[in-house]
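> no FASTA, just this:
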């Protein structure tokens, strides 16, 4: 299989719209909950939720609910024929718990003829609890030794030199979580088939794992369970493992009642029951040379994992991998823990720990710059990786030169130096409004850090009329995966896009798939589809050569025709019909596994990533000193997407990822009360980015001459890396806050919501007359 090359024919220059764009805007695109009309006698599920963050279930009496007209049954642990657990890693997630571990955790599910009947019935289920002490913060977890995992350790160099550095300082940074707030909430519809198995339509990023969990709960072999994901209305990592429980409940209900069952969470329930981006606490001690070069770093990372392990360990590891961002750390010691708290199980979220790790090093570099009275952009550039450098986990930094190249090109195109001078002039003339500007880079590793997940399969079906069906294991959540794979298939087979039909992923078409995550959806599934299409093309080549009386090597597949020597032309459909007559198989299975990757957590060494995606962003803000409110005035982004397969889709990913990062860092704040109840439980209390937060000037450019060898068509991942570029907005806010004082370090909480910006301004003014601290 050959991965290199470009899109053939007109596809290479054509603007390819999103594969479902028309369906999205007309409403023709269906989602899981839109399928319910296909199922007569559908039952609806509603949870019986605990009012405590931590408690033991003593009594569960469903008699009153069962007496209600419209309630068919109440599901509990007694109904589970298999394993009462939906955990994917440690099997520590009981579907029907005897010990409640977070506020609102379901202890039973009511099935009703209508959703309203199920909801009312859930309120009639009587549950008695023994309330237990709850751990609700990272600080409490550390104090009580409440950990799900750890310590994890990464070391490089001689950390003892920390004591001999020119400047040493300590600090800590609390990093908030983030709600996924996908437009489509968690949803599943399950029904029993005529062969005694179960079929589940699920809004899941990982159909094969959902299949596994459903099979475990029902005590079935996996071949008795089929899971399909038509498409998702957003996911961002929140449906990588957490869709499993709701699919399992629907499947259990269908298994027990022999009727179709629908489970769909309301927005309020989705926010209360599902995991978030992991909050982190970072404690560090850093040593620098007087010229701003970092020499040693001692770092402890504490991730709030919530009540069970979920994906918290790999999230923590990726944070530890990415706490270098784009900077060489000569001597470093990183210790990581996953804290057990009595909150929702925090889970995958775009970036998967990488954003938290990068934020820590950017915090440290800015603190150092202001202590040394150096421009933050200068100290960042001074610490860049260079060709020949390796990371603190031993992986050579491939194409490290791109970091400096992107930085230089963006500094020039964004007029950074000129705007820095203009901002200083503006700030001198405005006492109560200040502007700030910052540039930050991104180096993000691409691959699942668990090596076994770096594989994908595909099944491509070619029909006698020349039309094509493409099946692969990747799920579509709006990110444009099907759009890119459709273009790969069309280009490889030399047919127009409208001859390619993308099929929804089903576990009975492509088995044992990996999650669509880690920004690797196109890299893996696209390569598998390419493999299958190349097999088909090569089978057709000698048939075409015979029909065209040409050498097989001279045959070209292009735009729905097959050509040879530029003269002989044959319609692709005619070729397919002839191949069928010659008994040539018109279907192919494709497979791909990422080469050259490995990692040993025991030694902290290896090559967990196949390549790195690079980028940088310049952001400019203006702050109102009276309120802390800010305006994002301008953003310039230069992103390394390799040789883009679908530039329109990639641009949307860059813009959307960046704004989602802005939300995490400056707008969205998750709050829990003293009882462990989520206080920011809806759009009225949890603020999301909206039109006013968009910058008036938003420039997005792709790095040219950046094809990535060994990746399908030279493209690079684009799903997650842009989110971390939003760190530039937080650093621009810090720059503006500093303008209210007269220098020195600026402590800016995260998320940097307006009230926290206001208090940071007040603190900067208070310290304005104090001497600048240079060492600790």
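Structure's in. What do you need? Quick caveat: nothing in here was measured; it's all calculated off a predicted structure.

> which ones are touching the residue nearest to the spatial centre of the chain?
In the chain, the centroid-proximal residue (C-alpha atoms, centre = their mean) is residue 350; its distance is 2.3 Å. The neighbours of residue 350, taking C-beta atoms under 8 Å, 6 or more residues apart in numbering as the test, are 236, 237, 657, 660, 719, 720, 723. No exception for glycine: its C-beta is placed from N, CA and C like everyone else's.

> Name the nearest residue to residue 739, sequence neighbours excluded.
residue 434 (4.0 Å; C-beta to C-beta, 6 or more residues apart in numbering).

> can you check residue 276 too?
residue 177 (4.2 Å).

> re earlier: which element is the residue nearest to the residue nearest to the centre of the chain when sequence neighbours are not counted on?
Excluding the flanking residues, the one nearest residue 350 by C-beta to C-beta, 6+ apart is residue 236, at 4.9 Å. When elements are assigned from DSSP states H and E, residue 236 belongs to no helix and no strand.

> Could you tell me the model confidence score at the residue of the chain positioned farthest from its centre?
Centroid-distance maximum for the chain: residue 549 at 51.2 Å, with C-alpha atoms, centre = their mean. Looking at residue 549, its pLDDT reads 93.

> List phi and psi for it.
Torsion angles at residue 549 (phi, psi; degrees, to the nearest 10) stand at phi 50, psi 50.

> quick one: the helices in the stretch 351-500 of the chain?
354-371, 376-382, 401-413, 416-428, 481-493 (DSSP state H, counting those that start in this stretch).

> same check, this time on the stretch 151-300 of the chain
Counting by DSSP H, counting those that start in this stretch, the helices of the stretch 151-300 of the chain are 207-218, 244-257, 267-273.

> So which elements touch the shortest one?
What it means is helix 267-273. Counting contacts by 3 or more C-beta pairs under 8 Å, 6 or more residues apart in numbering; DSSP states H and E, helix 267-273 is packed against strand 43-49.

> thinking again about what came up before, okay if I get the helices of the stretch 351-500 of the chain as JSON lines plus mean neighbour count?
Below are those laid out as JSON lines (neighbours: other C-beta atoms under 10 Å):
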{"stretch": "helix 354-371", "mean neighbour count": "25"}
{"stretch": "helix 376-382", "mean neighbour count": "20"}
{"stretch": "helix 401-413", "mean neighbour count": "18"}
{"stretch": "helix 416-428", "mean neighbour count": "14"}
{"stretch": "helix 481-493", "mean neighbour count": "26"}
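
> Would you reformat those as TSV and include mean pLDDT and distance to residue 628?
Shown next, in TSV, are the helices of the stretch 351-500 of the chain (pLDDT from 0 to 100; distance: least, C-beta to C-beta, whole Å):
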stretch	mean pLDDT	distance to residue 628
helix 354-371	98	19
helix 376-382	98	21
helix 401-413	98	28
helix 416-428	98	16
helix 481-493	98	39
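
> do you know which of the ones you listed lies nearest residue 638?
Nearest to residue 638, of all the helices of the stretch 351-500 of the chain, is helix 401-413, at 4.3 Å by C-beta to C-beta.

> before we move on, the earlier item: what separates the residue farthest from the centre of the chain from residue 579, distance-wise?
With the distance defined as C-beta to C-beta, to the nearest Å, residue 549 ends up 17 Å from residue 579.

> Then residue 164?
Taking C-beta to C-beta, one finds residue 164 at 73 Å from residue 579.

> Compare the two and say which is more crowded by neighbours.
Shown here are residue 164 and residue 579; by other C-beta atoms under 10 Å, residue 579 has more neighbours (21 against 10).

> so that one sits right up against residue 539, yeah?
Yes. The pair residue 579 / residue 539 is scored as a contact, 7.1 Å apart, by C-beta atoms under 8 Å.

> roughly how far apart are residue 482 and residue 150?
39 Å.

> can you check residue 42 too?
From residue 42 across to residue 150, the span is 45 Å (C-beta to C-beta).

> Please enumerate the strands of the stretch 551-700 of the chain.
For the stretch 551-700 of the chain, the strands defined by DSSP state E, counting those that start in this stretch cover 555-558, 561-564, 568-571, 587-593, 598-600, 605-607, 611-624, 630-639, 697-702.

> Can you check which of those strands gets nearest to residue 306?
With C-beta to C-beta as the criterion, residue 306 lies closest to strand 598-600 of these, at 25.2 Å.

> In a markdown table, list the helices of the stretch 151-300 of the chain along with mean pLDDT, mean neighbour count and distance to residue 409.
Formatted as a markdown table, the helices of the stretch 151-300 of the chain follow (pLDDT from 0 to 100; neighbours: other C-beta atoms under 10 Å; distance: least, C-beta to C-beta, whole Å):
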| stretch | mean pLDDT | mean neighbour count | distance to residue 409 |
| --- | --- | --- | --- |
| helix 207-218 | 98 | 25 | 41 |
| helix 244-257 | 98 | 27 | 44 |
| helix 267-273 | 98 | 19 | 41 |
